[in-house]
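1. When you get a sec, could you give me coordinates for this:
(4 chains)
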Protein chains: 2
Amino acid sequence: MKAGRCMARATGKSEAVYERLKGDIESLRLRPGAKLSEVQVGEELGASRTPVREAIRRLARDGLVDFVPGEVARVAPISLGGVRALFEFRMLLEPRAAASVATAGAADERVLVPFRDLLKRLEEFDESFGALDAGAQVRSYTKFYDVTESFDQAVIAACRNPYLARTIRDLRGQTVRLRHLSHSGPRRMLNSLEEHRAMLKAITRGDAQAAEAACRHHLAQTLQALIDNLTSQDLTFGRDVQVDITG
Amino acid sequence: MKAGRCMARATGKSEAVYERLKGDIESLRLRPGAKLSEVQVGEELGASRTPVREAIRRLARDGLVDFVPGEVARVAPISLGGVRALFEFRMLLEPRAAASVATAGAADERVLVPFRDLLKRLEEFDESFGALDAGAQVRSYTKFYDVTESFDQAVIAACRNPYLARTIRDLRGQTVRLRHLSHSGPRRMLNSLEEHRAMLKAITRGDAQAAEAACRHHLAQTLQALIDNLTSQDLTFGRDVQVDITG
DNA sequence: CGGCGGTACGCTGTATACAGGATGGTGTGC
DNA sequence: GCACACCATCCTGTATACAGCGTACCGCCG
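-> Model prediction:
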């Protein structure tokens, strides 16, 4: 393989490297603080430096990589302060987005379709969950995450303000990584499920205020669970220079 | 000049190209819809494709360039819908930031220093402005913009939440470009001056609620002025495919 | 004269080459 | 034994080469 084809869209190397690295970072296979040398990553993933370079820049924009011009890029550390700041910011954006969707849904039924669908999926999941034994419950987490993932996506898609949508989307990577980190057991999951149901019901009802409140509550609960886990599991994550930005 | 030095920080080619293009776009020297070919820009600015590429990607993040993978990058068009969406988003972020700064200032006097300073500069400017003839007034716009610019910078710097700060900063490019577009005459400027004074007073007083309201008011007024100008001056800007994103 | 096909150009994506710093380890001097 | 300096190594920034893809212009045919 000498030179690359343009192809861009479907098979683009840059995109592939980006997705791969993103997945590895979100799943914590790449630990916070890990060095991301362009050449090394390139060799490992069978790509040249150029696409790797671009992928790393994009990951930096997503907040998953700490990038300083002359230095080696590193997987962004996870700090308590950083998590708090992230959720404080999400608390500003996402409740507003949820409210906006509820309002839009009240005016145009069509935007509610995916949300009614999600609500149904959620109810089905809820009903079947209790019947499972502990092992099967843990395995079903993935399915639940799929629903929450779809919910987030649906909100972004339904968001009428492109700036708001993009900013929320840009934060998703960090959110996903943190979720993979909080193995909070079934209790937190059931609570989260209930919170999602509340959000979905408010949105499909067209109740903007309730949707906003439900979203805010969900974020607050998630943050609390995350803090509990981060402080109990001593976080060896990101032992490298830990500039806690929020103070 | 064969190959480049690393130097990065001070003389970095990529940074230079970025700043240059950014300035040209903000000042409308590069018109909305203009094509930005990597090779062409590179030749014009005496840089190779690599730094140009990176600069264009960064400008896309700033919302000043529309970038689609396989295609030629273009200077982002200016649409009424886009401007509305931008300001709607700013209305979500900046009042919160202003309030946050006011709160922080009430707890720690030191964060107020730059704001007291700005307030003084503003008062001085205000006093001297009336004495000028029309021509000198127009020339003094630059000085006023300096103050507003410094104000925005100061808010960003004082912002405790790095996510909020970064997002506001990322929007600055578009804001600046729009400002260069609204030659609203002295009346709008004097109003803006008054609005800034209100924000500064609220912040230095430590009154978060007033700061938030003042900021909101300022943004609403600015948007209104902008809309007036955009609709009166028929905006030939961005005649290329105008996907108005906000509907 | 209008529609259509072919060709030439330009563009991006990718790969690779080269030069200058930054970093980390090792050896030496105090 | 410790601190400092030197050196090897790696890594990034930049430049350039090559391959495919789209487009636009031009000529040809109906």
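2. Could you use CA atoms for every contact and neighbour count after this?
-> OK.
3. Tell me how chain A divides into domains.
-> With domains defined by automatic domain parsing, chain A comprises A:13-75, A:80-232.
4. Can the longest one be said to contact chain B?
-> It stands for domain A:80-232. Yes. Counting by Cα under 8 Å from any Cα of the partner chain, contacts between domain A:80-232 and chain B involve A:Ala85, A:Leu86, A:Glu88, A:Phe89, A:Leu92, A:Leu93, A:Arg160, A:Asn161, A:Pro162, A:Tyr163, A:Leu164, A:Thr167.
5. Please give the number of neighbouring residues around A:Ser37.
-> Using other Cα atoms under 10 Å in any protein chain shown, A:Ser37 has 17 other residues around it.
6. From B:Ala211, how far off is it?
-> From A:Ser37 across to B:Ala211, the span is 45 Å (Cα to Cα, to the nearest Å).
7. what do you get for A:Ala107?
-> According to Cα to Cα, A:Ala107 stands 33 Å off from B:Ala211.
8. So which of these two has more stuff around it?
-> Counted by other Cα under 10 Å, A:Ala107 and B:Ala211 do not tie: B:Ala211 has more neighbours, with 28 against 12.
9. Let me see the confidence value for the nearest residue to the more buried one once chain neighbours are set aside.
-> Leaving aside its chain neighbours, B:Ala211 sits nearest to B:Ala202 (4.9 Å; criterion: Cα to Cα, 6 or more residues apart in numbering or on different chains). B:Ala202 is assigned 97 on the pLDDT scale.
10. Tell me how many other residues crowd B:Ala202.
-> By other Cα under 10 Å, 22 other residues sit near B:Ala202.
11. What backbone torsions are found at it?
-> Backbone geometry at B:Ala202, expressed as degrees, to the nearest 10, gives phi -60, psi -40.
12. need the contact list for it.
-> The contact partners of B:Ala202, taken as Cα atoms under 8 Å, 6 or more residues apart in numbering or on different chains, are B:Ala102, B:Ala208, B:Ala210, B:Ala211, B:Ala214.
13. next one: A:Ser140
-> A:Phe129 are the contacts of A:Ser140 under Cα under 8 Å, 6+ apart.
14. Need phi/psi at it.
-> Reported as degrees, to the nearest 10, the phi and psi values for A:Ser140 are phi -80, psi -10.
15. rewinding a little: identify the farthest-apart pair in the contacts of B:Ala202.
-> Greatest spatial distance among the contacts of B:Ala202 (Cα to Cα): B:Ala102 and B:Ala214, at 11.8 Å.
16. Neighbour count for these two, which is higher?
-> Comparing B:Ala102 with B:Ala214 by neighbour count (other Cα under 10 Å), the higher total belongs to B:Ala102, at 31 against 24.
17. Which positions within the helix or strand containing that one qualify as buried?
-> When elements are assigned from DSSP states H and E, B:Ala102 belongs to helix B:80-107. Neighbour counts over helix B:80-107 (16 or more other Cα atoms under 10 Å in any protein chain shown) mark B:80-91, B:93-106 as buried.
18. Show me how far that helix is from its chain's centre.
-> Here helix B:80-107 is found 13 Å from its chain centre; the criterion is Cα atoms, centre = their mean, to the nearest Å.
19. Which strands or helices does that helix pack on?
-> Counting contacts by 3 or more Cα pairs under 8 Å, 6 or more residues apart in numbering or on different chains; DSSP states H and E, helix B:80-107 packs against helix A:80-107, helix A:162-181, helix B:141-158, helix B:162-181, helix B:185-205, helix B:208-232.
20. any idea of the angle the first one forms with helix A:185-205?
-> Angle of helix A:80-107 versus helix A:185-205, following axes from the mean of the first three to the mean of the last three Cα atoms, to 10 degrees, is 30 degrees.
21. what angle do helix A:80-107 and helix A:208-232 make?
-> Put simply, helix A:80-107 runs at 160 degrees to helix A:208-232, going by the same axes, to 10 degrees.
22. After helix A:80-107, which helix or strand is next?
-> helix A:113-129.
23. what angle sits between that following helix and helix A:80-107?
-> Helix A:113-129 runs at 120 degrees relative to helix A:80-107, counting by the same axes, to 10 degrees.
24. Now the element after helix A:113-129, going C-ward?
-> On the C-terminal side of helix A:113-129, the closest following helix or strand by DSSP H and E is helix A:134-139.
25. which outside residues touch that following helix?
-> For helix A:134-139, the surrounding residues in contact (Cα under 8 Å, 6+ apart) are A:Phe129, A:Gly185, A:Pro186.
26. Now A:Ser48: closest residue in space that isn't a chain neighbour?
-> Nearest non-adjacent residue to A:Ser48, counting by Cα to Cα, 6+ apart: A:Gly42, 5.4 Å away.
27. no wait, A:Ser14
-> A:Pro51 (4.3 Å).
28. pLDDT score assigned to that neighbour?
-> The predicted local confidence for A:Pro51 is 97.
29. list the buried ones in the helix or strand harbouring it?
-> When elements are assigned from DSSP H and E, A:Pro51 belongs to helix A:49-61. For helix A:49-61, burial by neighbour count (16+ other Cα under 10 Å) applies to A:Arg49, A:Pro51, A:Val52, A:Arg53, A:Glu54, A:Ala55, A:Ile56, A:Arg57, A:Arg58, A:Leu59, A:Ala60, A:Arg61.
30. List of residues touching it?
-> By Cα under 8 Å, 6+ apart, the residues outside helix A:49-61 that reach it are A:13-15, A:17-18, A:22, A:38-39, A:41-42, A:65-67, A:73, A:170.
31. C-alpha coordinates for the lowest-mean-pLDDT helix or strand in chain A, CSV please?
-> Among the helical and strand segments of chain A, the one scoring lowest on mean pLDDT, DSSP states H and E is helix A:134-139, with a mean of 77. The C-alpha coordinates for helix A:134-139 follow below in CSV (Å, rounded to 0.1, in the frame of the first residue of the first chain):
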residue,chain,number,x,y,z
ALA,A,134,-28.3,-11.3,38.6
GLY,A,135,-25.9,-12.4,35.9
ALA,A,136,-28.4,-11.7,33.1
GLN,A,137,-29.1,-8.4,34.7
VAL,A,138,-25.5,-7.3,34.4
ARG,A,139,-25.4,-8.5,30.8
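32. Tell me how far it lies from the chain's centre.
-> Offset of helix A:134-139 from its chain centre (Cα atoms, centre = their mean): 23 Å.
33. now stretch A:125-140
-> Mean-position distance between stretch A:125-140 and its chain equals 23 Å (Cα atoms, centre = their mean).
34. Chain neighbours aside, what residue packs nearest to A:Leu112?
-> A:Gly105 (5.5 Å).
35. which stretches of chain A have low pLDDT?
-> A:1-11, A:183, A:233-247 (pLDDT under 70).
36. Quick check: buried residues in the least confident helix or strand of chain A?
-> Applying 16+ other Cα under 10 Å to helix A:134-139 flags A:Gln137 as buried.
37. what about A:Val72, distance to A:Ile78?
-> As judged by Cα to Cα, A:Val72 and A:Ile78 stand 18 Å apart.
38. now do A:His218
-> Plainly put, A:His218 is 21 Å away from A:Ile78 if you go by Cα to Cα.
39. Please apply the same query to A:Gly105.
-> Separation of A:Gly105 from A:Ile78 (Cα to Cα) stands at 37 Å.
40. if we can go back for a sec, each with direction, which strands does the helix or strand just after the helix holding A:Pro51 pair with?
-> Proceeding N to C from helix A:49-61, the next assigned helix or strand is strand A:65-66, under DSSP H and E. Paired neighbours of strand A:65-66 in the sheet (DSSP bridges): strand A:73-75 (antiparallel).
41. what's next to the partner strand, contact-wise?
-> Contacting residues not belonging to strand A:73-75 are listed as A:25, A:30-37, A:56, A:64-67 [Cα under 8 Å, 6+ apart].
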